[in-house]
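In: missing the sequence, but the structure's below:
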């Protein structure tokens, strides 16, 4: 085999994929067969990576955004020598417990940088990785961070709105180290792309300021040359690769069935015939495997040099880099929060709920500089820029990304930053627009990325902007999501506590949800202990502790519950108020604590300016609830609370009705 | 006032908006002040509308996609003479109960075609309206339907992914009667648009095949001329209007504060000085108001001619048009469903759940032809095209829109079709991707548009494609939404019943959710009565009716519950199975029915391949549950059900544990 002839290497991908998909009886052959040459060009000549040290911080990031083509990735990981992706794993493709799942599942140690499948997510993650790279490059210098981010992308990813958002903002930010390979095969699941698109995709990228090369995606040399060009261009690059979907399967190639029609042994045989591949299933000839393994060692010298540079750093600098890479928190951050909490408990003037989060983040900037904050064109009302500067095409040291009105991209950018490592990602918008971001939030929860999704304007407290902007169901819809902490602090004290818990997370994202309107301080005496850490706690109780009524509330309604308690106590009804800033944390407490807080045997009334959905688990079968029954309305906040009956008097009446 | 000089008319919009916003102490002046000339050109010279008959089926549709600029719309509606928007309503802008809410709220009788505010939704609705127009134009002919759809749009709507999806697909479909006016004012909420975008927006539209004109948005004659051109062009048109945000307020115009910084009486005074407007607040001089009212009567002759054409139609043809316009269902549709249901009860072979919905829709085509089905590139696996043909640039009679991989646009297109009237809109994709569509679904629920959101692949039953494609939390997140019927039929019988209820809705959208995998028939004896109409019903019960255990299940898990019942009955435990295809319908039943179905006093166990969140309301404090505890996994379906313990044996054990 001539070293220059990479065809056998590409075909190794093809047949590993074909044999595996035949064996699994399902899979998506379109991508691995169509992009085999592209992958070969990238992995054997350009990608900086090290299968022996998969999480090397300065490795290039590779994202398979068209994640249904997962066999392409698994083939590459096996061939280049990632220990976690042995042949046994490849053979167990799509079986329970295999590292080679139907769609790639986040596992950097296996070479899988992000979970992909829902279209558009991967390229938006790649965008986030490129942002993280640029930021860390500016912060730590090119000796430590200086790498490319590559993504393979199909037509679907580019049709999705999130993909379009990414194209626009990546061009604007001139993320020159972000390079996409478009699998331009003219086919989607429904058939010809001409069913649903007729624009010139390359031209669309050019309009957004990208460098674009168009070529034959089966010409390894052309691809390799285009990569070399793209690496030098200061703009983000699209390498538009005209390919034949399912190339190599005579019955299906170039047609709709090339995407994922079932493959049979006869197809594998016909492909062998067509491509001259004479080797039995799952057997990669020694010279070809050796060539692939050599490709996997291509960056060994780079890797060693990088390690030497790291080792040569002054100890403090190195320690800081390693801390940030490991996602460890520095000393001192907790004290900052504690100080803020102490001051907040003493504050007498009500302040907008979201400002607490803004203030906390501002205070953390010095001690915890590794945060990158994205915001979807709501800087002023959400207040998280403050002393941060903007991350721009000219200045990569800024930690605030003006995302424009692109919530979905923002969420997936945050996921990409978190998956990249080295920075803590925040994504900030109004709670009503969390729906735009929700597919990203689900991916964060699924991957276990500790992104902080920060939301303001959390209820009818939004007021006159009306029901489009007033969440009533969104708390419930987020609480329904597995592995997502949903936090709704009652005041600045709880805000500090919730931020402390959120920052401690290593594998769980958090939704930090704040009111727009001014909130009184409900936690007026300071204690060091983080009460929110247990999810819910008794905020006020009758003397002696014996209670007839337990009012359970979150966020802005804790103050309503406290006022209702005054009314009930005045009527001789001993009443406790439980603040429940985070249900998921509370659910994780032991039964004794939960029962004690919930007041087993007392009348329980939930109070939240949202729908009852989900509350019954805490209210028991005879529990009461004061909240919303449907969408909100446009009007002044106080009138809305009256209109919807979320008042101390209504809460007291509800409690009495159940006594 | 010279009839040719429209400046005073534009200023009437300005001062009505300024005075109202000063009075309300908040609002968004940027749009009404920046787009006053554009609106004047459109409404006084081109728009086909009739304030005296606001819901005239052949009126042009006007959508204010930048809905925060609602005072522009209210000003126009008042000035042109819509009865529901009197000066009293305008003065009560943003007050509780006003027709002039913070953001426009769907009320065609008031001239408000759709609710807008969440950015991008309005232009996607307008796209849907243009699709509906083209379809109805082909179906009923231009004598009855032949109108334009106009939308005002800001930078935000175009940055949003859904806006980009719309640009792409509208160009592809050559929706020539869709005309956008871009308020190109170089400002968003964060400040200069250059913070977050640098692409040439006009060029981006041109790439997508749009006709684009760029002009000064304060030049009424230029705008009017561009409109005349746009109406003739076979492509969709963008009229890119360079404007000055907040034009007329010396302190704010052209700057970030022009968007929505608070206006004071001094600002109103300064604007009067600047623009030479001498009239007191809320006073529109008689000649100017008369000119506006005359504009509101511009289409009177068109309107009369249209009515004459309708009256001249053969009775049957006219009746059919009026039926469809009124959203009335034809005779015979119910019988089709009943016939299908009878056959389904007799079917012995399990079939993929989603196929039932596909078959039902296919059968309805003849009797209920007014359906437009959108699907996001999943034609084959969701099976809703069948005998339908594609709606294309060349053939508007097709009722199936290949939306491409653009779920968000699809959902809002469906909303636009429903708001337009004359067609029933379906939007079809996988349940896992409902998150992409969710902002549209929320708008459907909020507006009360009876869109049918159809979903397949509803659980871990998806199997090897893995957790990205396996909903576990999505049923709960949809059930959390107000005014949304969430239906999960257990078999083809319930599928027909749920479709019947969904089609009856006039003000409530439905999510019709189906399994990918084959489902056995659980309703084996036919009855005409629609049991699903009550949301939940007793499917199987012990002889004599006295039960110790009640198993509550939905969708594919009803069969699991039935099998568990066999086990329990065999152990001498009298057990009932309740099928709960739609919680919202069940919650609307009286307490006696609900208690009887739920089996007050029995041990209750919920069974659903989803999270428990939301189930507690039916299970009581000591209820059991068999379902998911987190995200799914990639593997064969049967193994997944075993792995996650959703089996008849596990259900029986759970019941026994609670006995």
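Out: Good, I have the coordinates. What you are looking at is a predicted structure, and each value in this text was computed from that prediction instead of being measured.

In: neighbours around the residue nearest to residue A:7 when sequence neighbours are not counted, how many?
Out: Using C-beta to C-beta, 6 or more residues apart in numbering or on different chains and skipping the chain neighbours, the partner closest in space to residue A:7 is residue A:220 (7.5 Å). To be clear about C-beta, it is placed using only N, CA and C from the backbone, and glycine gets the same treatment. Using other C-beta atoms under 10 Å in any protein chain shown, residue A:220 has 24 neighbouring residues.

In: now residue A:220: how far from residue A:237?
Out: As judged by C-beta to C-beta, to the nearest Å, residue A:220 and residue A:237 stand 18 Å apart.

In: now swap in residue A:173 and tell me
Out: Applying C-beta to C-beta to residue A:173 and residue A:237 gives a distance of 14 Å.

In: between the two, who's got more neighbours?
Out: Neighbour count, other C-beta under 10 Å: between residue A:173 and residue A:237, residue A:237 has more, with 27 against 24.

In: now for the more buried one: which residues touch it?
Out: Contact partners of residue A:237, counting by C-beta atoms under 8 Å, 6 or more residues apart in numbering or on different chains, are A:176, A:178, A:179, A:180, A:210, A:211, A:212, A:213, A:229, A:230.

In: tabulate these in JSON lines, adding columns for neighbour count, pLDDT and secondary structure.
Out: Below are those laid out as JSON lines (neighbours: other C-beta atoms under 10 Å in any protein chain shown; pLDDT from 0 to 100; DSSP: H, G, I helix; E, B strand; the rest coil):
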{"residue": "A:176", "neighbour count": "21", "pLDDT": "98", "secondary structure": "coil"}
{"residue": "A:178", "neighbour count": "29", "pLDDT": "98", "secondary structure": "strand"}
{"residue": "A:179", "neighbour count": "26", "pLDDT": "98", "secondary structure": "strand"}
{"residue": "A:180", "neighbour count": "31", "pLDDT": "98", "secondary structure": "strand"}
{"residue": "A:210", "neighbour count": "25", "pLDDT": "98", "secondary structure": "coil"}
{"residue": "A:211", "neighbour count": "20", "pLDDT": "98", "secondary structure": "strand"}
{"residue": "A:212", "neighbour count": "22", "pLDDT": "98", "secondary structure": "strand"}
{"residue": "A:213", "neighbour count": "18", "pLDDT": "98", "secondary structure": "strand"}
{"residue": "A:229", "neighbour count": "12", "pLDDT": "98", "secondary structure": "helix"}
{"residue": "A:230", "neighbour count": "26", "pLDDT": "98", "secondary structure": "helix"}
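
In: just want the most central residue of chain A.
Out: Nearest to the mean C-alpha position of chain A, by C-alpha atoms, centre = their mean, lies residue A:415 at 2.9 Å.

In: other residues contacting the helix or strand where residue A:39 lies?
Out: Assigned by DSSP states H and E, residue A:39 belongs to helix A:36-45. The contact list for helix A:36-45, computed with C-beta under 8 Å, 6+ apart, reads A:6-7, A:9-11, A:13-14, A:49, A:62, A:72, A:76, A:80, A:150, A:152, A:181, A:183, A:217-221, A:223-224, A:227, A:239, A:241, A:243, A:247, A:291-292, A:295, A:298.

In: ok now that helix, how far from the chain's centre?
Out: How far helix A:36-45 lies from its chain's middle: 28 Å, per C-alpha atoms, centre = their mean, to the nearest Å.

In: heading C-terminal from that helix, find the next helix or strand.
Out: Once helix A:36-45 ends, the next helix or strand along the chain (criterion: DSSP H and E) is strand A:61-64.

In: that next one pairs with which strands, parallel or anti?
Out: The partner list of strand A:61-64 in its sheet, established with DSSP bridges, is strand A:149-153 (parallel).

In: got the residues of the stretch 101-250 of chain A near chain B?
Out: A:101-103, A:105, A:115-120, A:155-157, A:159-165, A:168-169, A:171-172, A:188-191, A:195-200, A:203-204, A:207-209 (C-beta under 8 Å from any C-beta of the partner chain).

In: buried subset of those?
Out: Among these, those buried by neighbour count (16 or more other C-beta atoms under 10 Å in any protein chain shown) are A:101-103, A:105, A:115-120, A:155-157, A:159-165, A:168-169, A:171-172, A:188-191, A:195-199, A:204, A:207-209.

In: just the ones in helices from those, please.
Out: Of those, the ones assigned to helices by DSSP state H are A:155-157, A:159, A:161-165, A:168-169, A:171-172, A:204, A:207.

In: what is the nearest of these to chain B?
Out: residue A:161 (1.9 Å; C-beta to the nearest C-beta).

In: how about the closest one: what's its closest non-neighbour residue?
Out: residue B:161 (1.9 Å).

In: that neighbour touches residue B:407, doesn't it?
Out: No - assessed by C-beta atoms under 8 Å, residue B:161 is found out of contact with residue B:407, at 10.3 Å.

In: re earlier: give me every residue that touches the residue nearest to residue A:161.
Out: Residue B:161 makes contact with A:160, A:161, A:162, A:163, A:164, A:165, A:406, A:408, A:409, B:120, B:408 under the criterion C-beta under 8 Å, 6+ apart.

In: contacting residues around the fourth one?
Out: In other words, residue A:163. Residues near residue A:163 by C-beta under 8 Å, 6+ apart: A:119, A:120, A:123, A:124, A:153, A:157, B:161.

In: gap between it and residue B:182?
Out: For residue A:163, the distance to residue B:182 - C-beta to C-beta - is 22 Å.
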